[in-house]
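J.: Provided below are the primary sequence and the corresponding predicted coordinates.
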Amino acid sequence: MNASRTVPLTSVTTWLSGGTPDRMNDSYWGGEIPWISAATLKRSRIDDSDQYLTEAGVRGGSKMAPAGAILILVRGMALHRETRIGMATRPVSFNQDIKALIPKSGLLPDFLLYSLQARSKRILDLVSSAGSGTGVLNTQLLQRLKIWIPDEQAQRRIVAAIDAAESYVATLERLVVKKQAIKKGMMQQLLTGKVRIQSFSGSWRSQRLSELLAYEQPGRYLVATSAYLKRGLYPVLTAGKTFILGYTDETKGVYRDSPAIIFDDFTTSSQYVDFAFKVQSSAIKILTPRSDVNLRFMYELMQVLDFQLGNHKRYWISEYGPQMVQVPERPEQDAIASVLADADAEVNLLHQRLSKAKDIKRGMMQELITGRTCLPVRAAAA
């Protein structure tokens with residue numbers, strides 16, 4: 001590959017299929033060879049797993065991918081929303097839901113990794129559903145996917161540029177984790193009274209959550225349709241981890257008395273919202289402050305509470321509202337809420353920087369990996 005060209009993926013790679021050894025055979029499992037599945041194919045660089053095979057296990061039903069092989073998920077529920085593509089940085093085994101693509105001579109593994117990641121949207125278009133609803137990536141169509149391959153020197157320059165962008169993203173991700181850990185530590189200290197803000201020394205009082213927060217069952221705010229917009233006037237909130245399903249422009253049934261705490265009866269997770277919204281799930285309760293209560297303080301306090309799920313009737317009024325908590329007087333609530341809000345602002349700022357860095361990296365990959373933008377070649381020293 002001395003000159004750049006655009007070729008089908010299959011012409012520059014060798015493909016391997018994996019498998020799962022007999023789980024009843026103890027001699028196959030618990031070795032030192034990482035066994036990669038959809039659950040562990042979540043990073044760009046793959047060198048570890050939650051399950052390991054012995055050499056007998058590999059021979060008995062799996063396959064080895066060498067360091068530098070590109071692992072791509074071809075079957076799984078995750079394929080309905082994302083591609084999972086990573087490069088093995090050490091020899092690994094893998095299951096039948098994954099293909100291993102070994103680049104041929106002249107194609108750098110890192111360049112192939114970024115080439116495929118840059119085409120994630122196009123690859124998702126090749127996914128269909130099996131009878132069970134599982135996503136299936138059409139490997140025959142994937143093999144015909146065209147990729148641009150410049151000479152090796154140009155590949156190295158492109159990889160170095162994208163590596164630098166990826167390193168910056170990783171640095172920001174570590175900073176986010178660090179700041180979140182700092183805030184969590186502050187919450188454990190301030191919200192339990194173990195550490196007091198200067199000038200506050202009064203006793204905390206014991207009260208029920210229901211004495212501090214009023215609740216509302218948002219039945220009349222239910223959204224009848226499941227057709228949500230990517231952007232719209234009002235977020236549509238739901239129970240569970242998703243929280244925001246999408247957006248709607250419908251004005252009927254919009255909850256405007258913000259801020260409020262959105263509480264999920266089923267998981268006991270909660271969100272603080274300060275915007276107008278609509279609700280999709282009847283499992284949600286809308287919590288608002290009673291007199292002389294700082295809502296932001298109450299939201300932060302709920303993040304450190306150990307909610308007792310009881311008989312799982314999913315009723316705020318019978319299970320969660322009666323729970324006893326310790327709270328300070330309103331001025332100290334305000335001060336604690338302010339400190340934690342400032343910590344949140346720092347985390348949110350880092351999230352914004354991280355989002356922007358990821359956008360820049362994606363744009364860089366799209367430009368460089370297709371040859372639309374070429375990096376300058378440094379002149380050789382005299």
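T.: Thanks, I have it. Every value quoted in this text rests on a predicted model; they were computed, and no experiment measured them. Numbers count the residues shown, from 1 in each chain.

J.: check contacts around Gln217.
T.: Contacts of Gln217 were listed using Cβ atoms under 8 Å, 6 or more residues apart in numbering, and they are 282, 285. Bear in mind the C-beta positions are built from the backbone N, C-alpha and C, glycine included.

J.: what's the distance between it and Ser281?
T.: From Gln217 across to Ser281, the span is 11 Å (Cβ to Cβ, to the nearest Å).

J.: swap in Val127?
T.: Between Val127 and Ser281 the computed distance is 28 Å (Cβ to Cβ).

J.: Contacts for stretch 186-205 next, please.
T.: 300-301, 303-304, 326-329, 331-332, 335-336, 339-340, 343.

J.: change it to 7 Å
T.: Stretch 186-205 has contacts (Cβ atoms under 7 Å, 6 or more residues apart in numbering) with 300-301, 303-304, 326-329, 332, 335-336, 339-340, 343.

J.: can you redo those residues as CSV with pLDDT and distance to Gly253?
T.: Converted to CSV, the contacts of stretch 186-205 look like this (pLDDT from 0 to 100; distance: Cβ to Cβ, whole Å):
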residue, pLDDT, distance to Gly253
Glu300, 96, 29
Leu301, 96, 29
Gln303, 93, 28
Val304, 92, 33
Gln326, 96, 37
Val327, 96, 33
Pro328, 96, 37
Glu329, 96, 37
Glu332, 97, 37
Ala335, 97, 36
Ile336, 97, 34
Val339, 96, 36
Leu340, 96, 32
Ala343, 95, 34
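
J.: Give me the buried subset of these.
T.: By neighbour count, with 16 or more other Cβ atoms under 10 Å, these hold 300-301, 327-328, 332, 335-336, 339-340, 343 as buried.

J.: So which of those sit within strands?
T.: Val327 (DSSP state E).

J.: Compute the number of surrounding residues for Asp257.
T.: Counted with other Cβ atoms under 10 Å, the neighbours of Asp257 add up to 9.

J.: repeat for Met64
T.: Residues near Met64, counting by other Cβ under 10 Å: 18.

J.: same thing with Leu287?
T.: Leu287: 25 surrounding residues under other Cβ under 10 Å.

J.: Buried residues, the strand or helix carrying it. List them.
T.: Per DSSP states H and E: Leu287 is located in strand 284-289. Neighbour-count burial for strand 284-289 flags 284-289 (criterion: 16+ other Cβ under 10 Å).
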